[in-house]
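need a structure here:
(2 chains)
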Amino acid sequence: SAVISQKPSRDICQRGTSLTIQCQVDSQVTMMFWYRQQPGQSLTLIATANQGSEATYESGFVIDKFPISRPNLTFSTLTVSNMSPEDSSIYLCSVVGGTKNIQYFGAGTRLSVL
Amino acid sequence: QKEVEQDPGPLSVPEGAIVSLNCTYSNSAFQYFMWYRQYSRKGPELLMYTYSSGNKEDGRFTAQVDKSSKYISLFIRDSQPSDSATYLCAMGSGGSNYKLTFGKGTLLTVNP
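Numbers count the residues shown, from 1 in each chain, chains lettered A, B, ... in the order given. Next up is the predicted model:
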């Protein structure tokens, strides 16, 4: 399985600001994803981070709000822009490893917006 | 109807009990099924993976899939306090589609 490091592990931010979350993997991976986990809700896919091209966003998520970079096969960033209290959530990156479509997750970034 | 339904609990059991966790789904395209365990302040970790109907056993854990009823279960035998966590079911359709659909998770507490 891949070892995934996420930074920061948690943050408290003011309304209207932006936060960039980093995801580093210890091996090259093709598929990398960003999820949101809100209290009492299912883990929800935000987007697929594509290396060398624009991310693919799921319904309800837009690039202006959640810009994603993927400069190489081991690193990605997710920015939460112009934050509001509704953006308070856990944000997780995941990667696909092995041959069985298994996804491995980072520890997550716990974001609180005041 | 949501694609995946999972009773959020919470579920509280005494140590040594048998625990049954369940999910139902509506999408017939789902071909493989997973259970993740998530400890507080941690990311989900894969516990069980299966892609066929029937049972799969790994130590104290048994995953059961009934595709005809669109129902999956996770059984934990001889539950331990260290099993206290949130359990998430996840499903995917496979092939080149890597997207997973998750249940809301069931919070389990095993009391010593």
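
Could you check the worst-scoring helix or strand of chain A on mean pLDDT against chain B for contacts?
None of the helices or strands of chain A scores lower by mean pLDDT, DSSP states H and E than strand A:102-105, at a mean of 88. Yes. Against chain B, strand A:102-105 shows contacts by C-beta under 8 Å from any C-beta of the partner chain at A:Ile102, A:Gln103, A:Tyr104, A:Phe105. To be clear about C-beta, it is placed using only N, CA and C from the backbone, and glycine gets the same treatment.

B:Ser12 - nearest residue in space that isn't next to it in sequence?
Among residues not flanking B:Ser12 along the chain, B:Thr109 sits closest, at 4.6 Å (C-beta to C-beta, 6 or more residues apart in numbering or on different chains).

Give me the below-cutoff pLDDT ranges for the chain.
Reading this off chain A. Counting by pLDDT under 70, the low-confidence segments of chain A come to A:99-101.

think we crossed wires, I meant chain B
B:1, B:96-97.

which outside residues touch the lengthiest strand in chain A?
When chain A is parsed with DSSP state E, its longest strand is strand A:89-97. Contact partners of strand A:89-97, identified using C-beta atoms under 8 Å, 6 or more residues apart in numbering or on different chains, comprise A:1-2, A:4, A:6, A:21, A:23, A:25, A:29-39, A:43, A:46, A:49, A:76, A:78, A:80, A:102-106, A:108-111, B:43-44, B:98.

ok, and for the one helix or strand the residue nearest to B:Ser12 maps to, which residues are buried?
In the assignment (DSSP states H and E), B:Thr109 maps to strand B:106-111. Using 16 or more other C-beta atoms under 10 Å in any protein chain shown as the burial criterion, the residues of strand B:106-111 that qualify are B:Thr106, B:Leu107, B:Leu108, B:Val110.
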